[in-house]
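sequence and predicted structure below; questions after.
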Amino acid sequence: MNNFPAGTRVFYWNGAGQAVYGVVQRIARAADGSIVVEIRLEGTGQVITLPASSVTKV
């Protein structure tokens with residue numbers, strides 16, 4: 001479950017096809033068993049949660 005330890009820099013593709021970068025704050029397991037990643041986005045500082053399968057290490 002520790003594919004993205006806290007501090008790992010990652011990116012994901014947004015709906016407009018742009019790469020969005022951030023740093024992993026924590027990982028967790030959702031109620032359905034999937035792994036989710038809490039990411040602090042670069043630039044805005046906004047914190048989002050995404051499925052781990054949708055993010056890539058930089």
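Right, received. Where do you want to start? Residues are numbered from 1 along each chain as shown.

who does the longest strand along the chain touch, helix- and strand-wise?
For the chain, the longest strand by residue count, based on DSSP state E, is strand 19-29. Packing partners of strand 19-29 (3 or more C-beta pairs under 8 Å, 6 or more residues apart in numbering; DSSP states H and E): strand 9-13, strand 35-41. Quick note: C-beta positions are derived from backbone N, CA and C, even for glycine.

give me the angle between it and strand 35-41.
Orientation note: strand 19-29 sits at an angle of 140 degrees relative to strand 35-41 (axes from the mean of the first three to the mean of the last three C-alpha atoms, to 10 degrees).

direction included, what does strand 19-29 pair up with?
Strand 19-29 pairs in its sheet with strand 9-13 (antiparallel), strand 35-41 (antiparallel), by DSSP bridges.

put the alpha carbons of whichever helix or strand comes after the longest one into PDB.
It stands for strand 35-41. Toward the C-terminus, strand 35-41 is succeeded by strand 47-51 as the next helix or strand (DSSP states H and E). Extracted as PDB, the C-alpha positions of strand 47-51 are listed here (Å, rounded to 0.1, in the frame of the first residue of the first chain):
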ATOM      1  CA  VAL A  47      -5.600  19.400  -1.100                       C
ATOM      2  CA  ILE A  48      -7.400  16.800  -3.200                       C
ATOM      3  CA  THR A  49      -8.000  13.000  -2.900                       C
ATOM      4  CA  LEU A  50      -7.600  10.700  -5.900                       C
ATOM      5  CA  PRO A  51      -7.500   7.000  -6.500                       C
END
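
show me what strand 47-51 packs onto, helices and strands only.
For strand 47-51, the elements it packs on are strand 35-41, judged by 3+ C-beta pairs under 8 Å, 6+ apart.

pull out the buried positions in the strand it packs on.
Residues of strand 35-41 classed as buried by neighbour count (16 or more other C-beta atoms under 10 Å): Val36, Val37, Glu38, Ile39.
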